[in-house]
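build me a model from this:
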Amino acid sequence: MHLVCSLLYTVEQVAGCQRLPHAVSMPHQGVYQTDGYPFCALLSVQLRNEYIGIMSKVLAGHLRTYLVSLEKMVSPVAGPTDVLGVADTSSSNVVTGGVNTMMSLFSKAVTSRPNAEKVFELGDRLNVLSQLDKPAIIPHMADFEGKRFPYEVIFRNVHKLLVDTASSEFLFCLDFWEDEGVFKELFGPVVAVVEGDLTEQLQHQHDVLCVLLMIRLNAEHRALMLKRRVPCLDDYLDRINLLLWPRFKVLFDVQAASIRPGVERSLFSNAVEVTGLTRRYAAFAASCLTLMADHNADDSVFKASSFYEMLERLWAAIFDMLLRMSNMFKDRRQGIIFLILNYNHIRTVLREADSSAAQRLSSSSGNGAGSRQQQQQPPLSPNGRATIAGGLGSAGAAAIKECEDQLAACTSLYVEDQLSVHFRDLVDFVKKAEQQQKRNAVPEGQPIAGFTPAQAAPLLRDFSGRWKASIEAMHREVLAQVTEPNCARSVLQASMTQLLLYYTRLLELLKKQGPEGVALAREVVNIPAIMYEIKRITKG
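Down below sits the predicted model:
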């Protein structure tokens with residue numbers, strides 16, 4: 001405004017134009033009365049052009065200086081080698097053998113840095129989405145304090161300054177110049193500074209979460225401008241979105257390509273434990289689902305279906321990779337335990353992220369700031385199944401459900417393998433007797449050929465003599481093999497439950513074979529006694 005008043009004073013002195021009497025008290029309602037004064041109209045155009053030129057240079061210069069100052073404080077979180085499918089430094093490939101050992105003589109293997117999963121965790125980086133209304137960082141003060149920031153913080157601060165300046169300048173141009181074209185001409189070079197710098201920075205950006213955070217920030221800036229009813233940056237924000245999404249897809253594809261078939265040999269360590277690949281994937285999936293939790297619709301900003309399809313493809317690749325690694329164990333049960341531990345870790349991380357996201361949504365709704373997820377009708381999950389959306393939305397619920405299904409399947413395999421060792425005769429007798437009964441359609445009260453009460457009596461006597469010791473052995477076995485306590489508890493519970501089911505089915509088969517079977521079922525160990533012993537052992 002000071003610049004405009006100075007220009008007005010200069011023009012009046014030179015041209016002697018008649019200024020409106022109320023121009024001083026109401027400067028936004030017109031500058032000159034040009035009717036009958038062609039020369040004044042010409043000066044008005046010159047004044048307009050002068051204002052555009054000067055203000056454009058001033059704003060672009062200040063913004064460029066601010067950008068350069070902030071980018072000196074950037075602290076990159078991830079680099080080009082921070083991918084999901086990279087060998088851990090701790091597990092130096094003990095089973096690779098001669099071929100890979102020879103190859104390592106001629107090529108440098110790429111390994112992950114310690115705690116590489118931290119690269120894929122959001123942590124405090126998520127706070128940038130709640131700092132939209134905070135003042136922009138003052139560069140020299142932040143530099144004096146030795147602060148360093150990930151790039152999304154730089155993006156937030158620059159765009160905070162940009163959208164606030166654009167809103168103010170747009171409204172001023174409408175009031176003073178009564179022409180929206182003034183703002184477009186003036187602000188074109190200003191946004192070009194930011195857009196050009198972002199284009200250059202994205203070429204060297206390898207942090208996929210940083211790009212996704214910037215996509216979220218861009219969406220929040222769009223919502224802010226819509227709330228202000230100031231449409232002056234709509235085209236610019238669209239262009240930024242078109243810059244960010246392709247880069248995100250490129251970086252996401254790099255992550256997916258890092259777990260291509262054949263990489264399992266460099267990742268396998270012959271240890272029955274949660275792999276670095278699993279830790280990184282769990283952190284990455286939880287971070288992506290957290291950032292996209294309240295964007296379930298295919299709007300102009302987020303293509304949710306495309307995003308969830310990408311996550312589905314990544315999950316399928318991880319599933320195949322873990323399955324191939326499990327097949328590399330010489331002992332089948334070790335491979336099953338390997339899958340149980342890794343699926344359990346993914347489920348645990350996703351559940352924790354779901355709980356944290358639900359708490360944030362609850363606190364925001366309690367403060368009167370409802371989320372998009374609460375305002376929209378949740379759609380079906382990517383695989384078409386209806387799920388109850390939690391903090392991570394319907395896609396997060398579907399991901400947790402899929403992981404739980406795989407975990408349950410592997411746990412079932414482990415349980416059957418364990419019972420076939422400790423109670424082989426019991427399990428075989430029940431399965432074969434049920435098949436024989438179904439095949440021959442044996443009516444109730446009639447004996448099943450080959451599986452009569454008399455043939456079951458030795459089996460039950462053997463069971464009565466050693467069932468306590470076998471349960472103790474199963475308990476010790478699970479604790480020794482499944483190293484994660486909560487997971488071990490779940491596996492042990494599944495084993496004991498399945499044992500009770502087999503024993504119950506055996507007693508039911510005996511009772512259906514007439515009085516002899518009923519009498520035998522009454523003489524053997526009763527189910528409450530087994531349940532009591534199981535509870536005592538597992539509790540201890």
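
His206 reaches Val119, doesn't it?
No: judged on Cβ atoms under 8 Å, His206 makes no contact with Val119 at a distance of 9.9 Å. C-beta here means a position set from N, CA and C on the backbone, and glycine is covered the same way.

give me the common contacts of those two.
Shared contacts of His206 and Val119 (Cβ atoms under 8 Å, 6 or more residues apart in numbering): Ala78, Asp82.

what's the mean pLDDT across stretch 337-344?
Averaged across stretch 337-344, pLDDT comes to 96.

ugh, wrong one, I meant stretch 188-195
94.

in this structure, what secondary structure element scores lowest on mean pLDDT?
The helix or strand of the chain with the poorest confidence is helix 97-106; it has a mean of 38 (mean pLDDT, DSSP states H and E).

following that one, which helix or strand comes up?
Sequence-wise, the next helix or strand downstream of helix 97-106 (DSSP states H and E) is helix 139-144.

for that following helix, what is the distance to the chain centroid?
Counting by Cα atoms, centre = their mean, to the nearest Å, helix 139-144 is centred 33 Å from the centre of its parent chain.

which residues of the stretch 251-400 of the chain fall in helices?
Assigned by DSSP state H, counting those that start in this stretch, the stretch 251-400 of the chain shows helices spanning 264-267, 276-291, 304-326, 332-366, 372-375, 393-422.

quickly, which of those helices bottoms out on average pLDDT?
Ranked by mean pLDDT, the helices of the stretch 251-400 of the chain end with helix 372-375 at the bottom, a mean of 44.

got a list of what Met474 touches?
Met474 neighbours (Cβ under 8 Å, 6+ apart): Gln418, His422, Leu492, Ser495, Met496, Leu499.

what's the helix or strand for it?
Going by DSSP H and E, Met474 is in helix 453-481.

what about that helix, average pLDDT?
Across helix 453-481, pLDDT averages out at 93.

if we can go back for a sec, of the contacts of Met474, just say which sits nearest to Phe144.
Taking Cβ to Cβ as the measure, Phe144 lies nearest Leu492 of these, at 57.5 Å.

picking up where we left off before, please identify the buried residues of the helix holding Met474?
453, 456, 459-460, 463, 467-468, 470-471, 474-475, 477-478, 481 (16 or more other Cβ atoms under 10 Å).

likewise stretch 533-540?
Glu533, Ile534, Ile537.

ramachandran coordinates for the last one?
Listed backbone geometry of Ile537 is phi -70, psi -50, with angles given as degrees, to the nearest 10.

which residue comes closest to it once chain neighbours are left out?
His475 (5.2 Å; Cβ to Cβ, 6 or more residues apart in numbering).

hang on, isn't Thr278 packed against Arg347?
No: with contact defined as Cβ under 8 Å, Thr278 does not reach Arg347; the gap is 10.9 Å.

give me the more crowded residue out of these two.
Just comparing Thr278 and Arg347: by other Cβ atoms under 10 Å the higher neighbour count belongs to Thr278, 25 against 20.

so who does the more buried one touch?
Ile318, Leu322, Asn342, His345, Ile346.

circling back: go through the buried residues of stretch 533-540 and name the one nearest Ala142.
Ile537 (59.1 Å).

and that closest one, how far from Met474?
9 Å (Cβ to Cβ, to the nearest Å).

could you list the low-pLDDT ranges of the stretch 151-300 of the chain?
295-300 (pLDDT under 70).

buried ones in the helix or strand harbouring Gly181, by neighbour count?
Using DSSP H and E, Gly181 sits within helix 180-203. Using 16+ other Cβ under 10 Å as the test for burial, helix 180-203 gives 182-183, 185-187, 189-191, 193-194, 197-198, 201-202.

just checking, Trp315 touches Ala282?
No: in this structure, Trp315 is not within contact of Ala282 by Cβ under 8 Å, at 10.9 Å.

hmm, Leu224 is touching Asp164, no?
No: the criterion here is Cβ under 8 Å, and Leu224 misses it with Asp164 at 9.6 Å.

more crowded one of those two?
Neighbours per residue, other Cβ under 10 Å: of Leu224 and Asp164, the larger number sits with Leu224, 18 against 14.

pretty sure Gly445 sits against Glu516.
No: applying Cβ under 8 Å as the test, Gly445 and Glu516 come out as separate, 10.6 Å apart.

more neighbours, these two?
The neighbour count for Gly445 versus Glu516, taken as other Cβ under 10 Å, is higher for Glu516 (14 against 11).

setting aside sequence neighbours, what's the nearest residue to that one?
Pro453 (4.6 Å).

and what of Glu185?
Ile52 (5.0 Å).

buried sites along the helix or strand where that neighbour lies?
Per DSSP H and E: Ile52 is located in helix 38-71. Buried residues in helix 38-71, defined by neighbour count with 16+ other Cβ under 10 Å: 40, 43-44, 47-48, 50-52, 55-56, 59-60, 63, 66-67, 70.

among the residues you listed, which pair sits farthest apart?
Cys40 and Leu70 (44.1 Å).

mind listing what the residue nearest to Tyr281 when sequence neighbours are not counted touches?
Leaving aside its chain neighbours, Tyr281 sits nearest to Ile318 (5.1 Å; criterion: Cβ to Cβ, 6+ apart). Neighbouring residues of Ile318 by Cβ under 8 Å, 6+ apart: Leu84, Ile259, Leu277, Thr278, Tyr281.

what number of residues lie near the first one?
By the other Cβ under 10 Å criterion, the neighbourhood of Leu84 contains 29 residues.

now do the phi/psi pair for it.
phi -70, psi -50.

shouldn't Leu277 be in contact with Val83?
No: if you go by Cβ under 8 Å, Leu277 and Val83 don't touch, sitting 9.9 Å apart.

the two - which one has more neighbours?
Shown here are Leu277 and Val83; by other Cβ under 10 Å, Leu277 has more neighbours (28 against 24).

could you measure that one against Asn486, distance?
21 Å.

need the contact list for Phe247.
In this structure residue 247 is Arg, not Phe. Counting by Cβ under 8 Å, 6+ apart, Arg247 touches Leu202, Gln205, Val211.

which strand or helix spans it?
If you go by DSSP H and E, Arg247 is part of helix 234-257.

average pLDDT across the one helix or strand Leu501 maps to?
Of the helices and strands defined by DSSP H and E, Leu501 is found in helix 485-511. Helix 485-511 shows a mean pLDDT of 93.

list the buried residues for that helix?
Neighbour-count burial for helix 485-511 [16+ other Cβ under 10 Å]: 487-488, 490-492, 494-496, 498-499, 503, 505-507, 509-511.

now swap in stretch 241-258 and tell me
Buried, per 16+ other Cβ under 10 Å, within stretch 241-258: Asn241, Leu243, Leu244, Trp245, Arg247, Phe248, Leu251, Phe252, Gln255, Ala256, Ser258.

convert the C-alpha atoms of it to CSV, please.
Extracted in CSV, the C-alpha atoms of stretch 241-258 (Å, rounded to 0.1, in the frame of the first residue of the first chain):
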residue,chain,number,x,y,z
ASN,A,241,-0.2,-32.2,-7.2
LEU,A,242,0.7,-33.3,-10.7
LEU,A,243,4.4,-32.9,-9.7
LEU,A,244,4.1,-34.9,-6.4
TRP,A,245,1.9,-37.9,-7.4
PRO,A,246,4.2,-39.1,-10.3
ARG,A,247,7.2,-38.8,-8.1
PHE,A,248,5.5,-40.7,-5.3
LYS,A,249,4.6,-43.5,-7.7
VAL,A,250,8.2,-43.7,-9.0
LEU,A,251,9.6,-43.9,-5.4
PHE,A,252,6.9,-46.5,-4.5
ASP,A,253,7.8,-48.6,-7.5
VAL,A,254,11.4,-48.5,-6.4
GLN,A,255,10.4,-49.9,-3.1
ALA,A,256,8.3,-52.7,-4.8
ALA,A,257,11.1,-53.5,-7.2
SER,A,258,13.6,-54.0,-4.4
